[in-house]
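> The following block contains a protein sequence and its predicted model.
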Amino acid sequence: MNIKSRLKVMLFLQYFVWGSWLVTLGAYMMKTLDFSGAEVGMVYSSKGIAAILMPGLIGIIADKYIPANRLYMLCHIICAGSLFYAATVADPSVMFWAMLINAMAFMPTIALSNTISYSSLSQYQLDSVANFPPIRVFGTVGFIAAMWSISLLKFELSSMQLYVAGSCSLLLAMYSLTLPKMAVNKQAITTSWMSKLGLDALVLFKKPIMAVFFLFAMLLGAVLQITNTFGSPFLHDFARNPLYQDSLIVQYPSILLSASQMAEVAFILAIPFFLKRYGIKTVMLLSMLAWTLRFGFFAFGDPSTIGLMFLIMSMIVYGCAFDFFNISGSIFIEQEVDHRMRASAQGLFMTMVNGVGAYFGAILSGLVVDYFSVDGVKDWQSIWLVFSSYTVILAVIFYFSFHYKHQREKPLEMAKAG
């Protein structure tokens, strides 16, 4: 296979692992294991804790000491073992530690998969802006395939979802041996102690534009965690209503949620056009608007005819909400930072999004869900409207605080770039 096809397979498997449990584990814990909202939030916060500690550290090691593709393999072997163990757990505290170990191995692989992709494209002299989005879309396809598999196999409320994810991690660990060899760069950019300690990417905070960017990456990371944690339990809760118990939404909620990832496909392919024409500020504002609509549509959605339309629209806008922030942010960093700190910078981005942001998003959203719960019955409309209001506030503050002047490319330049 050519390099682009090989990267597509890697990203398909990478996100198949995640899609096997990320969206459905919350429903399994709440409905099957009878965890509270705060306990579910605690388990999901393990992802945030790991992302604070690990991606930057692993990125430093990949930049300076061990090739990224070899670290990638080791991480997925650990992922497999921890997922197999988590499938046997029924206690909230033990589940937290099992998923923390998994997260400490898995979260770095997201940044590493980006690093491997960018480095491989660079080796083959391929433009990352033009070529990475069509490759990355196969990660989304893998996530969708996992959600459909788990739903159709009736594993949404079963520990089998964790066994599926663990098996795929083992497969990906073996496949990673076929990836191109990554170079390490032991030469520091400076001779400062920060550089010697491998903390090169932290110098980016000295630039006001990058400091603001990473701050909002953290705040949007909290938003992403909310929808991952409570989207599936929200849809499963419609089973309480006798009118909806036999609806397809209640029977196969992950299939409906997978429409979010389907929408990602179109928005991922639109990223090069929007970034080149409008710039990162406009793209991220569009993401925040889409998050507002995502939660707003959830607030008024249900399995009835009109309510179903709101749910479907919520799935569609998710594609913009996720891609225009997560994928575009990764590309923005690739363009703005020195290539010698590529892995470190991508690791720092992942730390802010899936680390600090995800941790506080998991903990605080769990408290919000419990606050609007009475005797186990949740007021989902109020819950989603609170989250929607949060994203509106973010958009307003971001508009006035992120001062980035975009140089729009001329048509001829755009044609050459493509």
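Great, that's in hand. Residues are numbered from 1 along each chain as shown.
> Next one, pLDDT for residue 56 please.
On pLDDT, residue 56 comes in at 64.
> My error: substitute residue 416 in the last question.
pLDDT at residue 416 comes out at 39.
> Repeat that for residue 61.
The score at residue 61 is 78. That number is its pLDDT.
> What is the host helix or strand of it packed up against?
In the assignment (DSSP states H and E), residue 61 maps to helix 37-64. Here helix 37-64 touches helix 25-27, helix 68-86, helix 92-123, helix 208-236, helix 342-351, helix 358-371, going by 3 or more C-beta pairs under 8 Å, 6 or more residues apart in numbering; DSSP states H and E. C-beta: built from backbone N, CA, C; applies to glycine.
> So which of those is nearest residue 42?
helix 92-123 (5.6 Å; C-beta to C-beta).
> thinking again about what came up before, pick the most buried one from the helices and strands packed on helix 37-64.
helix 342-351 (a mean of 29; mean count of other C-beta atoms under 10 Å).
> thinking again about what came up before, go through the helices and strands packed on helix 37-64 and find the least confident stretch.
Averaging pLDDT over each of the helices and strands packed on helix 37-64 puts helix 342-351 lowest, since it has a mean of 74.
> now that one against helix 92-123, angle please.
140 degrees (axes from the mean of the first three to the mean of the last three C-alpha atoms, to 10 degrees).
> where does the longest helix anywhere in the chain sit relative to the chain's centre, distance-wise?
Looking across the chain with DSSP state H, the single longest helix is helix 253-299. Relative to its parent chain, helix 253-299 has a centroid offset of 13 Å by C-alpha atoms, centre = their mean, to the nearest Å.
> Check which helices and strands that helix is in contact with.
Checking 3+ C-beta pairs under 8 Å, 6+ apart, helix 253-299 ends up next to helix 128-152, helix 208-236, helix 248-251, helix 305-336, helix 380-401, helix 411-417.
> If you count neighbours, what's buried in the longest one?
In terms of neighbour count (16 or more other C-beta atoms under 10 Å), helix 305-336 has its buried residues at 307-308, 310-311, 313-334.
> lowest confidence element among the helices and strands of the protein?
Lowest by mean pLDDT, DSSP states H and E among the helices and strands of the chain is helix 411-417, with a mean of 38.
> so where is the stretch 301-418 of the chain shaky, pLDDT-wise?
Under the criterion pLDDT under 70, the flagged ranges of the stretch 301-418 of the chain are 342-343, 406-418.
> same thing but 80
The stretch 301-418 of the chain contains residues with pLDDT under 80 at 334-348, 350-351, 354, 376, 404-418.
> give me the number of residues near residue 3?
17 (other C-beta atoms under 10 Å).
> oh sorry, the question was meant for residue 265
17.
> my guess is it contacts residue 137, does it?
Yes. Contact criterion C-beta atoms under 8 Å: residue 265 and residue 137 qualify, at 5.4 Å.
> returning to that earlier point: switch the helices and strands packed on helix 253-299 over to TSV; also include distance to residue 360.
As requested, the helices and strands packed on helix 253-299 are exported to TSV (distance: least, C-beta to C-beta, whole Å):
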stretch	distance to residue 360
helix 128-152	24
helix 208-236	5
helix 248-251	30
helix 305-336	17
helix 380-401	12
helix 411-417	38
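> Select, out of those, the one closest to residue 85.
Using C-beta to C-beta, those put helix 128-152 closest to residue 85, at 19.0 Å.
> buried set for the closest one?
Quick answer for helix 128-152 (16+ other C-beta under 10 Å): 128-129, 131-133, 135-151.
> how near is residue 241 to residue 255?
From residue 241 across to residue 255, the span is 19 Å (C-beta to C-beta, to the nearest Å).
> Between the two, which is the more surrounded one?
residue 255 (17 against 13).
> so who does the residue nearest to the more buried one when sequence neighbours are not counted touch?
Leaving out its chain neighbours, the residue that sits closest to residue 255 by C-beta to C-beta, 6 or more residues apart in numbering is residue 151, at 4.9 Å. Contact analysis of residue 151 by C-beta atoms under 8 Å, 6 or more residues apart in numbering lists 24, 252-255, 258.
> Using CSV, list the CA coordinates for stretch 376-395.
Provided in CSV are the C-alpha atoms of stretch 376-395 (Å, rounded to 0.1, in the frame of the first residue of the first chain):
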residue,chain,number,x,y,z
GLY,A,376,-33.1,9.0,39.6
VAL,A,377,-35.2,11.0,37.1
LYS,A,378,-33.1,13.6,35.1
ASP,A,379,-34.4,16.9,33.8
TRP,A,380,-32.4,16.5,30.5
GLN,A,381,-33.9,19.7,29.0
SER,A,382,-32.5,21.9,31.8
ILE,A,383,-29.2,20.0,31.7
TRP,A,384,-28.7,20.6,27.9
LEU,A,385,-29.7,24.2,28.1
VAL,A,386,-27.1,24.9,30.8
PHE,A,387,-24.4,23.4,28.6
SER,A,388,-25.7,25.3,25.5
SER,A,389,-25.5,28.6,27.5
TYR,A,390,-21.9,27.8,28.4
THR,A,391,-20.8,27.6,24.7
VAL,A,392,-22.5,30.9,23.9
ILE,A,393,-20.5,32.6,26.5
LEU,A,394,-17.3,31.0,25.2
ALA,A,395,-18.0,32.2,21.7
